[in-house]
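K.L.:
Predicted structure and sequence below. I'll ask about it afterward.
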Number of protein chains: 2
Amino acid sequence: MDALAQVLTEHGYEGTTTARVAERAGVSIGSLYQYFPNKEALVAALIEQQAAKLAADFDQALAGCASLEDGLRALVRTAMGARPMDPALHRILNEQVPRVGRVAEAMAASRCIEQAIARLLQAHRHRLPAERDPVRAALVLETALEALVHKSVNGRPELLAGLEEELYALAAGYLMAP
Amino acid sequence: MDALAQVLTEHGYEGTTTARVAERAGVSIGSLYQYFPNKEALVAALIEQQAAKLAADFDQALAGCASLEDGLRALVRTAMGARPMDPALHRILNEQVPRVGRVAEAMAASRCIEQAIARLLQAHRHRLPAERDPVRAALVLETALEALVHKSVNGRPELLAGLEEELYALAAGYLMAP
DNA sequence: ACCTGAACACCGTTCAAGT
DNA sequence: ACCTGAACACCGTTCAAGT
């Protein structure tokens, strides 16, 4: 995994050959194929590793929030701080997510995050309008925040300044509208 | 472009070889490379074609909206109806967008859509809170709606039922919050 | 001017042989 | 049991030869 992360960062996805990863890891190409059935599975393993770490971050951040407002602020902060190590690596992996298998376990981590958000919303459901289902709202928020952080990190850096307040307004307006 | 679209739909991105596209188009592989420098440029051309069409849809839908509410409803409807032809093809192309060149012209279409939304918001800026910048809000809305429609079409179909009202609540709550 | 397709370079994957 | 790397299959791309 470390060798893969290094090669991806240095050469991008297309430039990442199984031979290069094996060489960097100090094993033969045959050995690599003993542990991973193909290149896709190799990349998927790294994606799952990062996704699991991210899901744990959300779980921890949202666990003990007293008010809905505190919870939303923690949610926004965690979403924005979700640039674990190298942003370039994060970007490369994100681009590969849709193409890796059935999105498999990366989707599982995404569902974990949704569930953490859903628990927060359920704990304060008396604050939400009647028509706002907490589980569905959690999916909406996770998707929207993830897309906005992603776009601001990659491609549209002018979004980054003041994004935190913007995301809070988006979440709060959606959840607590008349 | 037609041959490419067919082969992509039938075989997916990995299964789409330049040889197969050339064969389907009824030309030799050499001819294909006379018009497109490489496979990426070939796919990029199809992406640009679809993106331009989408941008035109938004321009038209948002042009003559009397009220902000009408405009937002048109925005949500257009975003949801943005499944031009084959949804499978749309999905395959979307997955390739981040990997195609500098995102080049697909990004240009995305900016056209943002500008169409920004014009709508600017026309009704007296309805927005003072801290809500129309240009930035347009970028936020475009990103969030696109991500939610994309996720509901691909991967999470349970989102689709009632999504239109959900998106409207998200947009209206964000724009017209206290 | 434009087309053709055999040939080339390269990469993912396998498997017979080694330890 | 596990490792090795030459060999294979396949795909993107080129270019000498044809029209």
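P.N.:
Nice, I can see it.
K.L.:
So for residue A:110, what's the pLDDT?
P.N.:
For residue A:110, the pLDDT comes out at 86.
K.L.:
That one contacts residue A:145, correct?
P.N.:
No: between residue A:110 and residue A:145 there is no contact under C-beta atoms under 8 Å: 11.8 Å. All C-beta atoms are positioned from the backbone trio N, CA, C, and that covers glycine.
K.L.:
Now residue A:18. Its backbone dihedrals?
P.N.:
Dihedral pair for residue A:18: phi -60, psi -30, per degrees, to the nearest 10.
K.L.:
Could you give the number of residues near it?
P.N.:
16 (other C-beta atoms under 10 Å in any protein chain shown).
K.L.:
ok, the residue lying closest to it once chain neighbours are set aside to residue A:10 distance?
P.N.:
Nearest non-adjacent residue to residue A:18, counting by C-beta to C-beta, 6 or more residues apart in numbering or on different chains: residue A:39, 5.5 Å away. Distance of residue A:39 to residue A:10, computed by C-beta to C-beta, to the nearest Å: 16 Å.
K.L.:
Repeat that for residue A:16.
P.N.:
Counting by C-beta to C-beta - residue A:16 and residue A:10 are separated by 9 Å.
K.L.:
contacts for stretch A:25-41?
P.N.:
In this structure, residues lying in contact with stretch A:25-41 by C-beta atoms under 8 Å, 6 or more residues apart in numbering or on different chains are A:2, A:3, A:4, A:18, A:19, A:21, A:22, A:42, A:45, A:99, A:100, A:101.
K.L.:
Could you check that stretch and say which residues are buried?
P.N.:
Going by neighbour count (16 or more other C-beta atoms under 10 Å in any protein chain shown), the buried part of stretch A:25-41 is A:25, A:32, A:36, A:39.
K.L.:
Please compute how far that stretch lies from its chain's middle.
P.N.:
How far stretch A:25-41 lies from its chain's middle: 26 Å, per C-alpha atoms, centre = their mean, to the nearest Å.
K.L.:
higher neighbour count, residue A:16 and residue A:10?
P.N.:
Taking neighbours as other C-beta under 10 Å, residue A:16 and residue A:10 compare with residue A:16 leading, 21 against 12.
K.L.:
list the buried ones in stretch A:93-102?
P.N.:
Of the residues in stretch A:93-102, those buried (16+ other C-beta under 10 Å) are A:93, A:94, A:95, A:96, A:97, A:98, A:99, A:100.
K.L.:
One more: stretch A:75-89?
P.N.:
Residues of stretch A:75-89 classed as buried: A:75, A:76, A:78, A:79, A:80, A:82, A:89 (neighbour count, 16+ other C-beta under 10 Å).
K.L.:
can you check stretch A:121-128 too?
P.N.:
A:121, A:123, A:124, A:128.
K.L.:
among the residues you listed, which two are most distant?
P.N.:
Across these, the longest distance by C-beta to C-beta is 10.9 Å; it joins A:123 and A:128.
K.L.:
circling back to that earlier point, for DNA strand C, state which of the buried residues of stretch A:75-89 is nearest.
P.N.:
Minimum distance to DNA strand C across the buried residues of stretch A:75-89 is 17.0 Å, recorded for residue A:89 (C-beta to the nearest atom of the strand).
K.L.:
Please give me every residue in contact with that closest one.
P.N.:
A:5, A:8, A:9.
K.L.:
likewise residue A:62?
P.N.:
A:71, A:74, A:75, A:78, A:116, A:117, A:119, A:120 are the contacts of residue A:62 under C-beta under 8 Å, 6+ apart.
K.L.:
which two from the residues you listed end up farthest apart in space?
P.N.:
Of all pairs in the contacts of residue A:62, the most separated under C-beta to C-beta is A:78 and A:119 at 14.1 Å.
K.L.:
least trustworthy helix or strand in chain A by mean pLDDT?
P.N.:
The weakest-scoring helix or strand in chain A, judged by mean pLDDT, DSSP states H and E, is helix A:87-96 (a mean of 82).
K.L.:
Run the chain-centre distance for stretch A:46-53.
P.N.:
Taking C-alpha atoms, centre = their mean, the mean C-alpha location of stretch A:46-53 is offset from the chain mean by 9 Å.
K.L.:
ok, and for it, which residues are buried?
P.N.:
For stretch A:46-53, by 16+ other C-beta under 10 Å, it's A:46, A:47, A:48, A:49, A:50, A:51.
K.L.:
still on that earlier bit, so which of the contacts of stretch A:25-41 comes closest to DNA strand C?
P.N.:
residue A:18 (4.0 Å).
K.L.:
Which residue does chain A have closest to DNA strand D?
P.N.:
Relative to DNA strand D, the nearest point of chain A is residue A:30 (2.0 Å; C-beta to the nearest atom of the strand).
K.L.:
does DNA strand C sit close to the helix or strand encompassing that residue?
P.N.:
Assessed by DSSP states H and E, residue A:30 sits inside helix A:29-35. Yes: on the criterion C-beta under 7 Å from any atom of the strand, helix A:29-35 is in touch with DNA strand C at A:29, A:30, A:33.
K.L.:
and after that helix, which helix or strand comes next?
P.N.:
helix A:39-63.
K.L.:
That next one vs DNA strand D: in contact?
P.N.:
No: shown here: helix A:39-63 not in contact with DNA strand D (C-beta under 7 Å from any atom of the strand), separated by at least 12.9 Å.
K.L.:
Output the contacting helices and strands for the helix or strand that that helix is followed by.
P.N.:
Once helix A:39-63 ends, the next helix or strand along the chain (criterion: DSSP H and E) is helix A:68-80. Applying 3 or more C-beta pairs under 8 Å, 6 or more residues apart in numbering or on different chains; DSSP states H and E, one finds that helix A:68-80 contacts helix A:39-63, helix A:104-123, helix A:134-153, helix A:163-175.
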